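Undergrad: The following comprises the amino acid sequence and a computationally predicted model.
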Amino acid sequence: MENFVMLFQGFGTALTPVNIGACLLGAVLGLVVGAMPGIGSLAGVALLLPLTYKFNPATAIIMLGALYYSNMYGGAFSAILLNIPGDSPAVVTTLDGYPMATKRKRPGQALMTANTASFIGGIIGMIILTFMGPGLANLGLKFGPSEMTALLLIAMTSISWLVGENPIKGLVITAFGILLASMGMDTLSGAPRYEFGNMYLLGGIPFTPFVIGAVGFAQVINLINERDSDNEKRAKNAKNDTKLSIRGSMLTGHDLKRLIPPALRSGFLGTFVGVLPGAGATTGSFMGYAIQKKFKSEEELGTGAIEGVAASEAANNAAAAGAFAPLLALGIPGSGTGAVLLGGLMMWGLSPGPLLFENEPEFCWGLIASLFMANLFTLVVAVCVIPFLIKILSVPVKYMIPIITVVCVVGAYSTSNSMYGVIVMFISGVVGYLLNKNNFPSAPMLLSFVLAPILEDNMRKAFIISGGSLGIFFQRPITCVLMLIFLGIVGFSMLRPMLMKKKAEK
Amino acid sequence: MKKRVMATLLAGVMALSMMVVGCGQTSAGGPFTPKKNINWTVTSSAGGGSDIFTRMIADIMKNEDLVNGQTVVVTNKTDGAGEVGRNEVAMLKKDADYQLLTFNSGDLMPMVQNTKNRSNNFRILAIMAVDKQLLFKGENTSYDTFADVIAACQAGTKVVVGGSKGDDIATYQALLAELGISEDVLTYITYDSTGDAITAALGGHVELVISKPAAASEYVEAGSLIPVLALANERYTGNLADAPTLSEVGDYENVEVPVWRGVAGPASMSDEAVAYWSEVLGKVAETSQWKDEYIEANKLIAEYKDTAAATEYVTQYEADYMKANGIQ
C-alpha cells in the first residue's frame, strides 16, 4: 500500500510539463534509435547522456528511461518489415514477425501485435517492479554461477524446438554458433582464443553485425535471386493493398484472444529474467519464445504465428522493466544500458546503491511513474506510425535491395565505429545465405551464439567455486530445482518416443 | 530566423578555420598550439570509467579554453578488446600532434600480454590520477577479519575472491605472493566489471571482493559490504578507515599495486606537441572542476605526473609487470 502512495507521488513528479515533454522526446527518439539496426538502446542512451548533465536528475532519467524503454518497441519495426532486427532482443521477433508480414500478408497486424504485446509485457513488468522491486532484486542476488548455469541449460534445451525438420543440420549449426561465440578473449583468464594472430579477432565476433549479416543481409541476397518472381508478387499485392490505415491494421477479437495468453506468460517470465544479473532482454525474449513452444499455438511457430510475435515482444519489454529493479534497489546494472544509466546517476550527483530508494524517493518513484507514462506514450506513437511504416513493404524490390543494404552497412558500422563490423556483416551475410539455401536454420545458431558465452562463463565460475566438483549443481536449493527441471525436460523428450513406440506396438 | 543565424555562424566558423589553416602553414617551428580538431581515442565503450575520465578532461579543456578554442572529438574504439585502437594510435604518422589516447594500467596489462605493442610505441604525456584497492567481505561471510581468512587458508579451507580484470588480478597476485598461499586455496574469479564482482559478493557467491573505494562506497555506507583489508601502504580515511593494511594484520609487507589513469599520444608526435599536451593536462589537473567532479567524486588520489615522470613511471611499471608474468 505504501508503494502505491509513493507511486502516486511519483506521478506527481513525472507529470510536470517539462517531464512530460522529456518523456515524449525520449519515446520518439527511442523508437527511431530502436528501429535503426545496429544502434541499440546502449548507443542511444550513451549518446544522449552528455546532453542531460545540465538537467535536473529526475527529468534526465525520465528522458533516458523513456528512450531505453521505447527502444524495445522500435526494434520490432525493422524486424517485422525488413527481417533485420533493430536491436538484439528483436532477433526472436524476426522468426515469426517477418513471415507474418510477408507470407501471411498481415504487416499491419504484425506490427500491432508487437505493439500490443510490448505494452502488456511492459505493464506487467512495471507493476511487478512497483510492488516487489527490492524483494525481486534480492532474489536476483541469490542467482550465482551455479543457478545461472542451470537456468541457461534449460534455456539451451529450447534449441531443440528451433532446429526444424533436420535435427542433424540443427545440431551442426548450433555447434557452429557455439564455436563462433568462443572466439576472442576468454572472459575468465584473458587468454586469446581462435584469434589466428589477428588483432580484430581478439575482441571476438561482434554480435550486432553478425546478426545483421546472418539475418538481414542474407535476406538481401535472397531477394536478389528471387527478384523476378518477387516483383510479380508485389505488383499483385499493390493492387490488393488497401490496408494502409490504422483501421486496416486492427487486430480482430480472435487475434487478441491468441495474443493475450502468450503476452501474459512472457510478461511474467521476462520480468524475472530481466531481474537476474547478467541476463537481460535478449535472453528474456529467447526464453519467452521457447516457453511458447510448450504451449499450443494456432499456427506453427516460425510460420508467422501471432503467438510467436507476442511471446517475444512481451518478454523483451518486461525484461527491460525488470532490469530496473536491481538498478534502483541495489545499484546493480542488469545490462550495458543499465551501466550507462548508472554512470549517468553519478554524473547527476546521485549515489546509486542500496540507499537510493531511501535517500532519493522522489527520484526513484518519479522514474518508475515515468516508465508507465513512457509505455503509454510509445504505444500511441507506435500505433500512429503503423500506416506509414507498412508502405515500406510496397516499395519495389529494385529499390529495396540497395536501401536494405545501406541500412545493414550503417548498422554494422555504427556498433564499433569501424569497417570491421561491416566486413563481419558481409561475411556472415554470405555464409548465412549459403546455410539457408542448404536448409540450415539460422535461429539455433543465433540462440547458441547468445547463450553459450554466458553459460560457459557461469559454468566455469561454478567449477572454480566448487573446486571442480559437480556437487555444486545439486547442493544448493535453487540450483537443484532448476537442474531437476532441466533433467526432466531432457529425460522426457528421450523417453517419449520410446513410450510412443511401445503404445504403437500394443 | 534560426536558420539564418545558423548559416551566419557556420560561415563565420568556416572563415575562421580558413584563417587558422592559413596561419598553420606559415608558423612552422616554435612552440606548438593546436590549429584544428583534436582526436581523442578511448579503447573502451561509452559510459565506462575510461570514457568518463576522457570526456571530463575534454570538457574541462573546452570550459577553461585550454586548447586554443579547438574541439576535442572523443571516439570509442572497442574492436579487438581495444587493441586495434591502441595499435592505430601507436602507428599514426599523419597529424600525430592532434591524436590523444586514454591509457591506463588496465589497458597496458592485456596489451603487453596479448600483443607485441609496448608502451615505448607511444609518447606518454601524463598520468592524471591514481587509484588503490581494498578487500571487502559481504555481510554474511563466515570470516570476521582478514587474519581469519589467512588462518582458514593456511588450514587448507578454500576461500574465493572476486574482482574485475587487469588491475584487480595484478593486485590479487601480489597479495598471493606476499601471503605465500596457493591460488588453489585463495581462489580468484574474474568478473566482467567490479560491479558484477560486488553483485556476487552481495549474493554470497564469493567470500571476498577486490574493489576500488568509489565502486564500493555506497555498499559500505549501507552495511552490505565491510572493508577488511586496505591494499595500500596506509589506511584509508572516512568509512574505510577500519580496514587495516597487510602489515598490521600480521608479519607481512604491505601490498600496494597502484592503478593509474594516463594519457598518451602516437610515437611520432613531435617534442613540441608532447610538451604542450603535458602542460595542458597539468593545467587540467589544477582546475577545481577536475578536483571536485572527478578526483573527489571518484575518491581517487590526485597525482599529476608530467611527460618525463610519467614515461619513467610507466616504463618501470611495464617492466615489473612483464617480469612478474614472465613475458619477454
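TA: Everything's here; your move. Numbers count the residues shown, from 1 in each chain, chains lettered A, B, ... in the order given.
Undergrad: ok, how many other residues are close to the spatially closest residue to residue B:236 that is not a sequence neighbour?
TA: Nearest non-adjacent residue to residue B:236, counting by C-beta to C-beta, 6 or more residues apart in numbering or on different chains: residue B:230, 5.6 Å away. Any C-beta I mention is one placed from the backbone N, CA and C, and that applies to glycine too. A count of nearby residues for residue B:230, using other C-beta atoms under 10 Å in any protein chain shown, gives 27.
Undergrad: got a list of contacts for the helix or strand containing residue B:230?
TA: Assessed by DSSP states H and E, residue B:230 sits inside strand B:225-231. With contact meaning C-beta atoms under 8 Å, 6 or more residues apart in numbering or on different chains, strand B:225-231 is reached by B:132-139, B:143, B:145-146, B:149, B:171, B:175, B:198, B:201-202, B:208-211, B:216, B:219-220, B:236, B:240, B:242-246, B:249, B:255-257.
Undergrad: Are any of these buried, and if so which?
TA: Buried members of the contacts of strand B:225-231, counted by 16 or more other C-beta atoms under 10 Å in any protein chain shown: B:132-138, B:143, B:146, B:149, B:171, B:175, B:198, B:201-202, B:208-211, B:216, B:219-220, B:236, B:240, B:243-246, B:249, B:255-257.
Undergrad: Which ones among the residues you listed lie within helices?
TA: Judged by DSSP state H, the subset of the buried ones among the contacts of strand B:225-231 located in helices is B:146, B:149, B:171, B:175, B:198, B:201, B:202, B:216, B:219, B:220, B:246, B:249.
Undergrad: which ones among these come in contact with chain A?
TA: With C-beta under 8 Å from any C-beta of the partner chain as the criterion, these include B:198, B:202, B:219 near chain A.
Undergrad: quick one: contacts for the residue lying closest to the first one once chain neighbours are set aside?
TA: Of all residues not flanking residue B:198 in the chain, residue B:209 sits nearest, at 5.7 Å (C-beta to C-beta, 6+ apart). By C-beta under 8 Å, 6+ apart, the residues touching residue B:209 are B:135-138, B:161-163, B:197-198, B:200-201, B:216, B:225.
Undergrad: So which residues on the stretch 151-300 of chain B come close to chain A?
TA: B:158, B:160, B:165, B:169, B:184, B:187, B:189-190, B:192-193, B:195-196, B:198-200, B:202-206, B:217-219, B:221-222, B:224, B:297.
Undergrad: Just the buried ones from these, in ChimeraX syntax?
TA: Under the burial definition 16+ other C-beta under 10 Å, those of these that qualify are selected in ChimeraX by:
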select /B:160,165,169,187,189,190,193,195,196,198,199,200,202,203,205,206,217,218,219,221,222,224,297
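Undergrad: Next secondary structure after the helix or strand harbouring residue A:285?
TA: Per DSSP H and E, residue A:285 falls inside helix A:281-294. Where DSSP H and E defines the elements, the next helix or strand beyond helix A:281-294 is helix A:306-322.
Undergrad: and residue B:287, how many neighbours?
TA: The tally of other residues near residue B:287 (other C-beta under 10 Å) stands at 17.
Undergrad: circling back: the residue nearest to residue B:236 pairs with what?
TA: Beta-bridge partners for residue B:230, by DSSP bridges, are residue B:134, residue B:245.
Undergrad: Now name the helix or strand holding residue 127.
TA: Let's take chain A. Counting by DSSP H and E, the element that carries residue A:127 is helix A:107-141.
Undergrad: Can you look at chain B instead?
TA: Per DSSP H and E, the secondary structure element for residue B:127 is strand B:122-131.
Undergrad: for that strand, packing partners?
TA: helix B:49-63, strand B:99-104, strand B:259-266, helix B:271-286, strand B:301-305, helix B:307-324 (3 or more C-beta pairs under 8 Å, 6 or more residues apart in numbering or on different chains; DSSP states H and E).
Undergrad: Next, the angle strand B:122-131 makes with the last one.
TA: Taking axes from the mean of the first three to the mean of the last three C-alpha atoms, to 10 degrees, one finds that helix B:307-324 is oriented at 80 degrees with respect to strand B:122-131.
Undergrad: which parts of helix B:307-324 are buried?
TA: Residues of helix B:307-324 classed as buried: B:307, B:310, B:311, B:313, B:314, B:317, B:318, B:321 (neighbour count, 16+ other C-beta under 10 Å).
Undergrad: Confidence-wise, which of those comes last?
TA: pLDDT across the buried residues of helix B:307-324 is at its lowest for residue B:321, which sits at 90.
Undergrad: List the contacts of that residue.
TA: Per C-beta under 8 Å, 6+ apart, neighbours of residue B:321: B:108, B:109, B:112, B:170, B:327.
Undergrad: next one: the helix holding residue A:127 to chain centre, how far?
TA: Its chain's C-alpha centre and that of helix A:107-141 lie 12 Å apart, by C-alpha atoms, centre = their mean, to the nearest Å.
Undergrad: Quick one: list the elements packing against it.
TA: With contacts taken as 3+ C-beta pairs under 8 Å, 6+ apart, helix A:107-141 sits against helix A:2-14, helix A:57-82, helix A:91-102, helix A:253-275, helix A:306-322, helix A:324-330, helix A:361-390.
Undergrad: a markdown table for those, including mean neighbour count, mean pLDDT and distance to residue B:64?
TA: A markdown table is the format used below for the helices and strands packed on helix A:107-141 (neighbours: other C-beta atoms under 10 Å in any protein chain shown; pLDDT from 0 to 100; distance: least, C-beta to C-beta, whole Å):
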| stretch | mean neighbour count | mean pLDDT | distance to residue B:64 |
| --- | --- | --- | --- |
| helix A:2-14 | 16 | 79 | 35 |
| helix A:57-82 | 29 | 83 | 24 |
| helix A:91-102 | 27 | 86 | 46 |
| helix A:253-275 | 23 | 88 | 42 |
| helix A:306-322 | 35 | 89 | 40 |
| helix A:324-330 | 26 | 81 | 34 |
| helix A:361-390 | 21 | 83 | 31 |
